[in-house]
Every structure is written in C-alpha cells, then in structure tokens.
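K.L.:
any chance you could fold what I've pasted below:
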Amino acid sequence: MSTDSTWVHPTENSVEALEHGMSHVDGVELDLRLSADGELMLWHDELFPGNLSKRNRCPELMESQEIRKMGVESFEDLLGSSDFTELWRTSSKTVNIELKVPHPVSKISDHTNHLAKMMTKVEESLDGLDLPKRSTMIYGFSPKIPEAVKISGVSIPNTQLSPHLRSWGKGKIKRLIGSPNFISNTVSGLIRDRRRKGMPVVGMALHYLHGWERFIHPGAPVSLTGKGLNRLFRVSQEMGLHVWPAPLKLETIMLEAGITLISDFIDPTIHSLPNGDVRWPRPASQPLDEEWRDRLNNADELERPDLILEATNSLPMWHEINENVRKSAIIYDAEKWNWSRRPESWTNDLHEGRPWGCARIIGHRGSGENH
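P.N.:
Residues are numbered from 1 along each chain as shown. Now for the predicted structure:
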C-alpha cells in the first residue's frame, strides 16, 4: 500500500472534510446534533471535551453560536458549499446522514419526537436542491428511528443501524452493553425487518459478516466469501448493505460482494491496496472501464499516481455515461449479486441514482474518523 504523508487530514465532520470526501469517493457519511435553539450541527460526540460539567458540554443544551465557538459548523454551512451540493445533485454521489440522540444529562427523554424534529429540519433544509431520490439516506442507531419517520412523515429514504448502541459512554463499554443486541439479531433477521419497514438499506457492523463474532448467531453464518456469501446473496437480494468499518485489506472483497463501505481511508495518496490491487475510490460515481482497470492494475506502483490522475480527468462520471451502457452495468452487477425480479426493474429511474443494492465507497465523517 502506497501513501504519502504530505496529505493533511481535515477535521472530521467539518465542511472541508465533507467536501473532500464528496469529491474523492462516492459520497460521505455525516453526523448531526440538534442545538438548544434548533440548529442542525455537524458534530458526532455526545459531549464536548473539557473540564466543565457534563451539562455545560452537552450540544443539545447549548446554543448554536456557542457550539460554533467550539469550531463546529452547521448543516446549513455545508449546504452553502456549492462544491458539495453540486456533486450531490449531479454526480451520483450518496450522502448518509446519521442523527444522534442526546446524552441523558440533557433530560431529553422523548427521543422519538427529538429525532422526528431533526428529520423534518433535514428535509426542509434540502427542499429546493432537487436531489435525486437515491442520493440521500437518513439513519441512526436509535430503535425510535421507524416511529420518528412515521411521525415526521419525511420521504427521504431511511434505515436503522445495528447493533443498537446506547448514546453515551466510552467505545468499549458501549460495545459491551450493545452485545446482547448484536447476538440477538442475525443478518437475515435484520434484512427481513428493514424490508418489512420499507427501508431500502441495512446498516450494520462488519462483525455480522466477518470475524469470529458472526458464529455467535444461531444457524449458518453469512460471510464475504464462499458459501457464506451465497447465503448472504439469497437473503439480501437488492437491499443495500452499508457496512463499517471497512479495512483496506478487505476493500476488494467487500465491493465484490456488493457491499457499500463506510470507510475511514479517504487519503488521496493511497493508490494501492494491501493485496496489490489498484485503489480506485469511486466505483459507483466514476466507475473504471475494463481498459482502465487493466492498465492501472498492470502498472508499476510508482506509475499509478499519475495514471489515476489521468483516469480521473478522462473517465466520465456515472450520470454522463450512455444510458444503455449504464443499464448493462447494473444488470451485470445485479446478476453477479443474485438480485431477484426482472432486469427491467433494476434499471428503472437511473436518473435518480444507482440502485441502493450497488456497492459504493462512502467517506466516514467526510474524510475519515479523527479519533
């Protein structure tokens, strides 16, 4: 894997990081919290760092201007970036918007209505952008997501992430407390549940598909290769599978399995994967053709940076490709991933973006997690 330390990693969830991720890969994932005065702020953690009391560090108890002083930007700031919104509108990019629920110190216990308010504000903020229908996904870990969608009446595609983790505490403790939820939910069960709720995507941790943890569940496990992958194909069909983390060493087989990667590796100086394959960061929004793929994979590692730049400047974006060629590409992938129904149904409304079941690389918090 080749890297160059000259790239400076932007602050996660900043407008700069989200602009970079949007241009470099197939889209971005971002986190939103609702300030005390009703502004959507680009912030992940349940509390700000520092020595003040938890109440004085809780975003939901702080005014937006106070949060801005912490160096945090708003969703409206992001929507004010034409570099970002133009790619979102026209380039088959995907934006995953994760809604965060408050820390208990906030005393905001009605998470359903809190989330519904956030969903409504997101939809109102996006009104007028004329975004393709398959360009935006709202989700969160809270089990209240489906009820909040019903209350808000939003039409933006949405889903619930698994396993359910509580909204506070350190990472290891969160995962320990979330273990029963992980153990009790199989991949097939998650897919059936999301499909029943009209959700086009299943968002889940990699442990459901890879590693020893997948053997905890009853029944035959699914996996990224072999018989387990065939079992995954049988249950997933054209459902989108958005999975995190996405290690570089697994990137090729995850994409080949039709999985959308929520990746922390958005460094533009990564040109080769650990297995020696070229690292092409836009498989969905600017796909390589066969000629370019062969040319890049057969190139010397030192030649790849210049060739990747040449490919970036010469290859068309997905929406610029002839419609018949796009239809053929969708049918090829759908047959590889064993989608159900007829090919005509897979290629409907391509102007609304790629089907959710197609593999993408999504920048986690824009350009990757900082901590």
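
K.L.:
residue 310 is in what secondary structure piece?
P.N.:
Per DSSP states H and E: residue 310 is located in helix 304-314.

K.L.:
what residues of that helix count as buried?
P.N.:
Neighbour-count burial for helix 304-314 flags 304-305, 307-308, 311 (criterion: 16 or more other C-beta atoms under 10 Å). Every residue, glycine included, has its C-beta placed from N, CA and C.

K.L.:
which is the succeeding secondary structure element to that helix?
P.N.:
Per DSSP H and E, the first helix or strand lying C-terminal to helix 304-314 is helix 323-336.

K.L.:
helices or strands next to whatever helix or strand comes next after that next one in the packing?
P.N.:
Counting by DSSP H and E, the next helix or strand C-terminal to helix 323-336 is helix 343-346. Contact here means 3 or more C-beta pairs under 8 Å, 6 or more residues apart in numbering; DSSP states H and E; on that basis helix 343-346 packs against helix 323-336.

K.L.:
just the mean pLDDT for the helix it packs on, thanks.
P.N.:
Mean pLDDT, helix 323-336: 94.

K.L.:
do stretch 60-67 as well
P.N.:
pLDDT averaged over stretch 60-67 gives 98.

K.L.:
quick one: contacts of that stretch?
P.N.:
For stretch 60-67, contacts defined as C-beta atoms under 8 Å, 6 or more residues apart in numbering pick out 33-37, 39, 41, 43, 55, 59, 74, 102-103, 105-106, 108.

K.L.:
now do the end-to-end distance for it.
P.N.:
End-to-end distance of stretch 60-67 (C-alpha to C-alpha, to the nearest Å): 10 Å.

K.L.:
and that stretch, which residues are buried?
P.N.:
Within stretch 60-67, the residues scored as buried using 16+ other C-beta under 10 Å are 60-62, 64, 66-67.

K.L.:
same deal with stretch 334-351?
P.N.:
For stretch 334-351, a neighbour-count test (16+ other C-beta under 10 Å) marks 334, 337, 339, 346-347, 350 as buried.

K.L.:
can you add distance to residue 127 and give the residues you listed back as CSV?
P.N.:
Shown next, in CSV, are those (distance: C-beta to C-beta, whole Å):
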residue, distance to residue 127
334, 32
337, 34
339, 32
346, 29
347, 28
350, 24
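
K.L.:
residue 205: which of the residues you listed is nearest?
P.N.:
Taking C-beta to C-beta as the measure, residue 205 lies nearest residue 337 of the buried residues of stretch 334-351, at 20.6 Å.

K.L.:
excluding its backbone neighbours, what's nearest that closest one?
P.N.:
residue 258 (4.1 Å; C-beta to C-beta, 6 or more residues apart in numbering).

K.L.:
what's the neighbour count on the one you found?
P.N.:
23 (other C-beta atoms under 10 Å).

K.L.:
ok so, going back, farthest pair in the buried residues of helix 304-314?
P.N.:
Greatest spacing in the buried residues of helix 304-314, by C-beta to C-beta: 305 and 311 (10.9 Å).

K.L.:
just to revisit the earlier point, closest to residue 128 out of the buried residues of stretch 334-351?
P.N.:
Closest approach between the buried residues of stretch 334-351 and residue 128, by C-beta to C-beta: residue 350, at 23.1 Å.

K.L.:
OK, contacts around the residue nearest to the closest one when sequence neighbours are not counted?
P.N.:
Counting by C-beta to C-beta, 6+ apart, residue 350 lies nearest to residue 326, which is 5.5 Å off, once chain neighbours are set aside. By C-beta under 8 Å, 6+ apart, residue 326 lies in contact with 318, 347, 350.

K.L.:
just to revisit the earlier point, in CSV, list the C-alpha atoms belonging to the helix holding residue 310.
P.N.:
Output of helix 304-314 as CSV, limited to C-alpha atoms (Å, rounded to 0.1, in the frame of the first residue of the first chain):
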residue,chain,number,x,y,z
ARG,A,304,-0.1,4.6,-10.5
PRO,A,305,-0.5,8.1,-9.0
ASP,A,306,-0.1,9.8,-12.4
LEU,A,307,-2.3,7.2,-14.2
ILE,A,308,-5.0,7.5,-11.5
LEU,A,309,-5.0,11.3,-12.1
GLU,A,310,-5.2,10.7,-15.8
ALA,A,311,-8.1,8.3,-15.4
THR,A,312,-9.9,10.8,-13.0
ASN,A,313,-9.6,13.5,-15.7
SER,A,314,-10.7,11.4,-18.6
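
K.L.:
list the contacts of residue 195.
P.N.:
By C-beta under 8 Å, 6+ apart, the residues touching residue 195 are residue 239.
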